[in-house]
Every structure is written in C-alpha cells, then in structure tokens.
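S.K.: mind looking at a prediction? Sequence and model below.
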Amino acid sequence: MKFLSKNKKIIDRIIREIDRHKKFLITTHIYPDGDAIGSQIALYILLKRMGKEVALINSFPLPTRYKFLPNSGLIKHNVTLPNSEAAFVLDIGSKGRMGNMRDHINNIKTVINIDHHLGNDRFGIINWVDTGMSSVGEQIFNLYKHMKLEIRKPEAICLYTAILTDTGSFQYSNTSAETHLVVSELLETGIDHTWICNQIYQNIPISKIKLLQLALETLSFDAKGKIGYMFITSDMYTKACATEEDSEEIVEYARNIKGVEVGILFKQHSKGNIKISFRSKGKVNVRKIASKFKGGGHHNAAACTINGELSSVLKNVVRIVALESQSS
C-alpha cells in the first residue's frame, strides 16, 4: 500500500518526538469507543517495541465489549498519574473531550494530537489531523507502515476493531478504497475477523436489551417521518440495570427505519445533563448540527451534550434537525 505523502512531514515529526522521549502517556476521549481503545492499544504496542515506558490512562473505564482486545487490561482510569515526558491524545478534537485528564495533559509539554474529525482545534504541539482517514486506527496503521514496523496479530486485532467500529462496519461514508486496502493487510496477518465481530456485536448483555426495549417505547417521528428520535432517562438506566455503554448503537434503530433520514437518541445521565447522539443516512450533515452545541463527529455520525431539561432540549434539537433536513 502506498503511504499518503501529504502526512509524511507530520509523521516524521512524530517519529522524532518518539525518538527524543522515554516516558509516554496515551489517552483518549470520554465514553471511549472501538476506535479510541483499539488505536490506543495499537500505539502502546508500537511504543513498547521501541523500548519506551508507556501508560494507558483514560477519564472513563474500559467498555466491557472491548475487554477481549490484547493488553486491554493495561488501560486504567482514576489512578495516580505518572510523570510523562510526552503524551499522545487520540481521537479528540478539543480538550473538553478529555474529561478529567485535561488538567494533567496541560502539564505535559509535548502533546501529540492524532485525530480524523473536522473541526479539530489543534491543541497539540503536533497535530496530525486527517479528515480523509476513516479512523484513528487507519492513521496508526500508517504510522506503523512509515516506521517500517511489521504489523503482527495483536496490533492487527486492535486496528481492525478500530476501523470496523468507526466505519459502522464499513457502512459510513468515511470508508474509502484505501480503508479496504488497510483492512486487507490486517486480515493477511491471520486475524479471525468473524471472532472479532462476534466479540463486539454478538455478546449483548441482557441489560442492553432491556434498555433498548424501554427506548423503543419512546420512538417518535417528525418532519414527515424523516426524523426518528428516542430518549433514555436516568430512571430507565436504573430500571434496566444498564450503563452508558449499553446505550451504544440504540440510535441506529431510529436511523435505520425506512424513510428516516436522521436518527436521534437523547440520553439523560443526570438532571440537566443530556447527551445526544445523531446518525444520518447521508443527506443531512449531523456533524454540522452537533457543532451548534459544541459537539462534533462526522457527516453521518455525531454527538453533543446539552445542559437543560429533557423535554425542552428534545423539542429544540428536533426543530433544528428538521430545519436542517429541509435545506439538505
């Protein structure tokens, strides 16, 4: 596979920083997903192979569904933070997405930001932001290739997971021909892609099903059926014995309905705090909508958090999405 030349200078700078430093921290965003975790571990393996000391620390705990990944047990949260010379911050477009890791990162002089989202505020000393990449996993793959490091099964499993999940199993528009070439190379390492998919998508806890059942009971439509939306209250999480992790992909049930262009899920974690997930079939740019509320993401998948009362937040956001869908 040909290396993307437009990234060569930035990656050369990253490699020089890797050579210069001994102690590294790798972190990612709040509510980490498959791209965040898979990329984090794959980069950890790369740095360890270069003889570095590496700590994996996040603001939020490791999601259960990704515990099958090699070295996932090394990822910590709410621990004493090490003295690090440099930090890699992955899959984050703004410092606000770091959670309680933000203050610690501010104290590290060399911060390397690797991301693929539009609207990244480039907070690092080095910012490798490539919106043409499907995922940070694809970027880390390119780092391996540029450093001429063999990609073995453990890191291939992690990178495949990163790309698989952030492309919506290769359904989203961020999936390119190069993405498939990357995946082809990962499969050539001998990884079992069926097993990986089973671990991620076919080990659903009963709490998730109960939460889905409750969410579907709230399903409503607007804009002549072009918008499908649901909500989950804090009481519903309690009733289903569920967590935030259990709400992943529920929004897609609204988006996947015939005639619906945008699916929305409103998640109330506490009084006055509403997390909103958007999914689009392509006509409506939901990243643009999320950015109105200081959120972000991609054209077809985005999220934001709004402080307010659930019913009023829901009404306002659906109204804005309806206006956007009319102009798309």
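M.R.: Now that the structure is in, tell me what you want to look at. Numbers count the residues shown, from 1 in each chain.
S.K.: who touches the worst-scoring helix or strand of the chain on mean pLDDT?
M.R.: For the chain, scoring each helix and strand by mean pLDDT, DSSP states H and E identifies strand 296-297 as the least confident one, at a mean of 86. If you take CB atoms under 8 Å, 6 or more residues apart in numbering as the criterion, strand 296-297 is touched by 93-94, 97, 117-119, 278, 286-287, 290, 302-304. For glycine as for every other residue, the C-beta is placed from the backbone atoms N, C-alpha and C.
S.K.: now with 7 Å?
M.R.: In this structure, residues lying in contact with strand 296-297 by CB atoms under 7 Å, 6 or more residues apart in numbering are Gly93, His117, Gly119, Val286, Arg287, Ala290, Ala302, Ala303.
S.K.: ok, stretch 102-109 next?
M.R.: Leu25, Leu81, Ser84, Ala86, Ala87, Val89, Lys95, Met98, Val111.
S.K.: tell me the mean pLDDT over it?
M.R.: Over the span of stretch 102-109, the pLDDT mean works out to 92.
S.K.: dump that stretch to PDB, restricted to CA.
M.R.: Below are the C-alpha coordinates for stretch 102-109, written out as PDB (Å, rounded to 0.1, in the frame of the first residue of the first chain):
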ATOM      1  CA  ARG A 102      -7.400  17.600  30.700                       C
ATOM      2  CA  ASP A 103      -5.600  19.300  33.600                       C
ATOM      3  CA  HIS A 104      -2.900  16.600  33.500                       C
ATOM      4  CA  ILE A 105      -2.400  16.900  29.800                       C
ATOM      5  CA  ASN A 106      -2.000  20.700  30.200                       C
ATOM      6  CA  ASN A 107       1.100  20.000  32.400                       C
ATOM      7  CA  ILE A 108       2.800  17.900  29.700                       C
ATOM      8  CA  LYS A 109       4.900  20.000  27.300                       C
END
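S.K.: what pairs with Val129 across the strands?
M.R.: Beta-bridge partners for Val129, by DSSP bridges, are Asp115.
S.K.: give me the number of residues near it?
M.R.: The number of residues packed near Val129 is 20, by other CB atoms under 10 Å.
S.K.: that one and His77: what is the separation?
M.R.: Using CB to CB, to the nearest Å, we find Val129 at a distance of 25 Å from His77.
S.K.: for Glu217, same thing?
M.R.: Separation of Glu217 from His77 (CB to CB): 33 Å.
S.K.: neighbour count for the two, which is higher?
M.R.: For the pair Glu217 and His77, the greater number of neighbours falls to His77 (16 against 9), based on other CB under 10 Å.
S.K.: quick check: phi and psi on that one?
M.R.: Backbone geometry at His77, expressed as degrees, to the nearest 10, gives phi -150, psi 160.
S.K.: going forward, begin numbering at 633 instead of 1
M.R.: Done: numbering now begins at 633, and the last item shifts to His709.
S.K.: so it makes contact with Pro693?
M.R.: Yes: under the criterion of CB atoms under 7 Å, His709 lies in contact with Pro693, with a separation of 5.2 Å.
S.K.: got the contact list for Ile783?
M.R.: Residues near Ile783 by CB under 7 Å, 6+ apart: Tyr776, Leu818, Thr821.
S.K.: next step: those residues restricted to helices.
M.R.: Of the positions in the contacts of Ile783, Tyr776, Leu818 sit in helices, assigned by DSSP state H.
S.K.: neighbour-wise, which of the contacts of Ile783 leads?
M.R.: Going through those with other CB under 10 Å as the criterion, the one with the most neighbours is Leu818, at 25 neighbours.
S.K.: measure that one to Arg887 for me?
M.R.: Counting by CB to CB, the gap from Leu818 to Arg887 is 27 Å.
S.K.: ok now do Phe755, which residues does it touch?
M.R.: Taking CB under 7 Å, 6+ apart as the contact definition, Phe755 lies against Lys727, Asn745.
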